[in-house]
Structure formats: C-alpha cells, structure tokens
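K.L.:
no sequence on this one, just coordinates:
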C-alpha cells in the first residue's frame with residue numbers, strides 16, 4: 001500500500017472515531033468471526049448485480065475476505081491494538 005492510500009485510510013479512521021462509527025469487527029459485535037462467516041458475506045457481495053460486480057477487475061469472494069480482515073486490522077491498529085495482518 002502506498003503512502004497516499006495509507007494517509008487516506010488514516011483520515012477515514014480518524015473520522016470514524018470522531019463521529020462514533022465502528023472500524024473493527026469487535027465494534028460491530030463480531031468477536032473473532034470465522035473465515036466461513038466472512039466468506040458467506042463476501043459471496044453475497046460479489047454476486048452478479050451487486051456493486052462489486054461492476055469493478056474493472058475480478059473481485060472474488062476470497063479477495064473480499066482478505067480485504068475485510070485487512071480493514072479490521074487497520075481499525076485495530078488505529079485503536080491502539082497490535083495487528084500483524086496488514
């Protein structure tokens with residue numbers, strides 16, 4: 001991830017915190033979601049007709065799960081918890 005993207009994510013996480021939006025699975029009430037749980041959501045998000053189906057690149061359910069795990073990790077880091085995933 002380049003420096004510009006990192007800065008953008010940091011700004012978003014600061015905004016989420018400011019307005020009280022969740023930035024981690026735990027804050028959403030999901031404590032240690034399994035890959036199976038996340039894959040169920042990812043499969044639904046990538047079916048034809050959903051927004052991700054219109055991306056100019058292939059968005060597979062596995063990539064969505066990876067992105068969700070990475071986003072959770074970045075949220076944890078922003079909240080002072082260590083995470084080695086991203």
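P.N.:
Sure, I can see it. Here the structure is a predicted model, which means the values were calculated and not measured.

K.L.:
list the buried residues in the helix or strand that contains residue 40.
P.N.:
Assigned by DSSP states H and E, residue 40 falls within helix 35-45. By neighbour count, with 16 or more other C-beta atoms under 10 Å as the criterion, the buried positions of helix 35-45 are 38, 42. All C-beta spots, glycine's among them, are computed from the backbone N, C-alpha and C.

K.L.:
show me what it is packed against.
P.N.:
On a contact count with 3 or more C-beta pairs under 8 Å, 6 or more residues apart in numbering; DSSP states H and E, helix 35-45 meets helix 61-78.

K.L.:
chain center to the helix it packs on, what's the gap?
P.N.:
Taking C-alpha atoms, centre = their mean, to the nearest Å, one finds helix 61-78 lying 4 Å from the centre of the chain it belongs to.

K.L.:
so what secondary structure elements neighbour that helix?
P.N.:
If you count contacts as 3+ C-beta pairs under 8 Å, 6+ apart, helix 61-78 packs onto helix 3-19, helix 35-45.
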